[in-house]
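>>> Can you look at this prediction? I've put the sequence above it.
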Amino acid sequence: MPLAGVVLATVSAGAGGVEQGPRTHARETETTERRTVPPADRPLLLVLRALGLGDLLTAVPALRGLRESFPGHRIVLAAPQGLAPLAELSGAVDAVVDAAPLAPLDTHLSGADVAVNLHGRGPQSHRLLLDAWPRRLIAFAHPGVPQSRDGPDWRADEHEVVRWCRLVAESGVPASPRRLDMRPPPLDAVDAASRAASEAARGATLIHPGAASAARRWPPERFAAVARAQREKGRAVVVTASAAEAGLARRVASEAELPERTVLAGRTDLLGLAAVVAAAGRVVCGDTGVAHLATALGTPSVVLFGPTSPRHWGPPPDRGQHDVLWKERVGDPHGDEPDPGLLEIGVDEALAALDRLREGEGHADREGDEPDPRHPLSGPGVASVTGPTPAARTHAAAAR
């Protein structure tokens, strides 16, 4: 059905108890320009993933599978509009329509040929899409939604990337969990402030102390100690954060005795943040959206996990340019205090992990061809997701 009058952020096409999204990452985004898109003649494929930055990036392989299996469809992603620039970088969607978690969708999206639920297990997200009267629903089976009874079963013990690839694969859409990679944004596509921030970050150790919840936020004095040690080692250091967490970034920089110019918090939009992460020599951060950017862009990283398992949300274990620190304890990812397991990670461990990084490997990889889509996200028990066969199992994300 044509999308006449619907407000979209246009991007170019390219080669849940109470259900909720699995996480909300610190949202380093700014609102993009809204514009009305003229009616489209192609059939509509509507995808729901109205979550955060890391959630979008973990869904990219499934989105790419949909793009290749439905080349004649107009693929519209229902997600926070500020994520549109990253959706564009993926090359997998034609447009982004602004959507909030489990909020009603724009009525102009009714009548889609295919609706795909990459948001959660149902039932609420299933019903949101069914309210748009699609001809076909691709979603996990949920007993409370009869229309989903033929869908694949939800598995609690599964990596987030593998989960969504398995959903579409067992619905007839081949998808490879390895297809996480994204090229850095062209510098002429970002504003002057972002270009300057990117240049400041080139080759530097990027410290990102923020996270959406206190449970996933390593103490700022420890980030400062890491930054200070890197500076004493002769490395340039920059500190990033969302505009809302600029004070946190300034505290880290001050305690590390870094000049104010090294604080890049609030100086970039989302595309600019991606350029900064791509330019950095290495990233140190918690389990948040910037960690997923580092994975997608091939920037070596040390990621500090606390209440959630990296077997749910971590980088692929075969990518040696990423080092994950986790004490194998789980807790409440939305807690108001730093997770006890996260607090068990010491500064010396983070510094040792930085020294272990295979620097340069990721940056070299992303300059070449995209990894062979026939190869899966690797690791114990993870298999290729290319059809309606039993899929890889790792560990679970929270129910949604």
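Received the coordinates, thanks. Predicted model, so just to flag it, every value in this text is computed and none were measured.
>>> quick one: the strands in this structure?
Remark: strands assigned in the chain by DSSP state E are 7-10, 35-36, 44-48, 74-79, 95-98, 114-117, 136-138, 205-208, 237-239, 282-286, 301-304, 322-325.
>>> how does the chain divide up, domain by domain?
Annotated domains of the chain cover 7-169, 187-367 [automatic domain parsing].
>>> possible to save those domains as JSON lines with distance to residue 179 and mean pLDDT?
For the C-beta atoms, the positions are set from N, CA and C on the backbone; glycine is no exception. Output for those, formatted as JSON lines (distance: least, C-beta to C-beta, whole Å; pLDDT from 0 to 100):
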{"stretch": "domain 7-169", "distance to residue 179": "4", "mean pLDDT": "84"}
{"stretch": "domain 187-367", "distance to residue 179": "10", "mean pLDDT": "93"}
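>>> okay if I get those domains as TSV plus distance to residue 180?
Putting the domains of the chain into TSV (distance: least, C-beta to C-beta, whole Å) gives the following:
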stretch	distance to residue 180
domain 7-169	6
domain 187-367	6
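>>> Enumerate every residue touching residue 139.
By C-beta atoms under 8 Å, 6 or more residues apart in numbering, the contact set of residue 139 is 116, 117, 122, 125, 126, 129, 145, 148, 151, 167.
>>> ok, it to residue 109 distance?
Separation of residue 139 from residue 109 (C-beta to C-beta, to the nearest Å): 16 Å.
>>> Then residue 271?
Residue 271 is 25 Å from residue 109, by C-beta to C-beta.
>>> check contacts around residue 75.
Residues in contact with residue 75 (C-beta under 8 Å, 6+ apart) are 13, 45, 47, 63, 66, 67, 92, 93, 94, 95.
>>> Who does the second one form a beta bridge with?
It refers to residue 45. As for beta bridges, residue 45 partners with residue 75, residue 114 under DSSP bridges.
>>> surely it meets residue 73?
Yes: in terms of C-beta atoms under 8 Å, residue 45 counts as a neighbour of residue 73; the distance is 4.1 Å.
>>> Touching both of the two, which residues are there?
The contact sets of residue 45 and residue 73 overlap at 113, 114 (C-beta under 8 Å, 6+ apart).
>>> neighbour-wise, which of those two wins?
A side-by-side neighbour count of residue 45 and residue 73, using other C-beta atoms under 10 Å, places residue 45 first with 25 against 19.
>>> For the more buried one, list the residues it contacts.
The neighbours of residue 45, taking C-beta under 8 Å, 6+ apart as the test, are 66, 70, 73, 74, 75, 76, 112, 113, 114, 115, 116.
>>> Of the residues you listed, which is the most crowded?
In terms of neighbour count, residue 116 stands highest of these at 29 neighbours, by other C-beta under 10 Å.
>>> Which stretches in the stretch 1-150 of the chain count as helices?
Under the criterion DSSP state H, counting those that start in this stretch, helices of the stretch 1-150 of the chain are mapped to 53-69, 84-90, 124-130.
>>> Show me the one of these that comes nearest residue 266.
Nearest of the helices of the stretch 1-150 of the chain to residue 266, taken as C-beta to C-beta: helix 53-69 at 15.9 Å.
>>> In the closest one, which of the residues would be classed as buried?
53-67, 69 (16 or more other C-beta atoms under 10 Å).
>>> And the helices of the stretch 1-150 of the chain: which comes nearest residue 172?
When the helices of the stretch 1-150 of the chain are compared by C-beta to C-beta, helix 53-69 sits nearest residue 172, at 7.5 Å.
>>> and that closest one, what does it pack onto?
If contacts are counted by 3 or more C-beta pairs under 8 Å, 6 or more residues apart in numbering; DSSP states H and E, helix 53-69 sits against strand 44-48, strand 74-79, helix 84-90, helix 160-169, helix 289-297.
>>> can you do 6 Å?
With contacts taken as 3 or more C-beta pairs under 6 Å, 6 or more residues apart in numbering; DSSP states H and E, helix 53-69 sits against helix 160-169, helix 289-297.
>>> In JSON lines: those helices, plus mean neighbour count and distance to residue 238.
Formatted as JSON lines, the helices and strands packed on helix 53-69 follow (neighbours: other C-beta atoms under 10 Å; distance: least, C-beta to C-beta, whole Å):
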{"stretch": "helix 160-169", "mean neighbour count": "27", "distance to residue 238": "28"}
{"stretch": "helix 289-297", "mean neighbour count": "29", "distance to residue 238": "12"}
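>>> Enumerate every residue touching the closest residue to residue 246 other than its chain neighbours.
Spatial nearest neighbour of residue 246, excluding adjacent residues (C-beta to C-beta, 6 or more residues apart in numbering): residue 265 at 4.0 Å. Contact analysis of residue 265 by C-beta atoms under 6 Å, 6 or more residues apart in numbering lists 241, 246, 249.
>>> nearest to residue 207, of those?
Minimum distance to residue 207 across these is 8.3 Å, recorded for residue 249 (C-beta to C-beta).
>>> now the closest one: how far from residue 219?
Taken as C-beta to C-beta, the span from residue 249 to residue 219 is 14 Å.
>>> Show me which of those two is the more surrounded one.
More crowded of residue 249 and residue 219, by other C-beta under 10 Å: residue 249, with 26 against 13.
>>> Next, work out how far apart residue 233 and residue 105 are.
Using C-beta to C-beta, residue 233 is found at 50 Å from residue 105.
>>> Find me whatever residue is spatially closest to residue 191, sequence neighbours aside.
Nearest to residue 191 is residue 272, by C-beta to C-beta, 6+ apart, at 6.6 Å.
>>> before we move on, back to that, from the contacts of residue 265, which is closest to residue 200?
residue 249 (13.4 Å).
>>> Having no further points to raise, I will conclude here.
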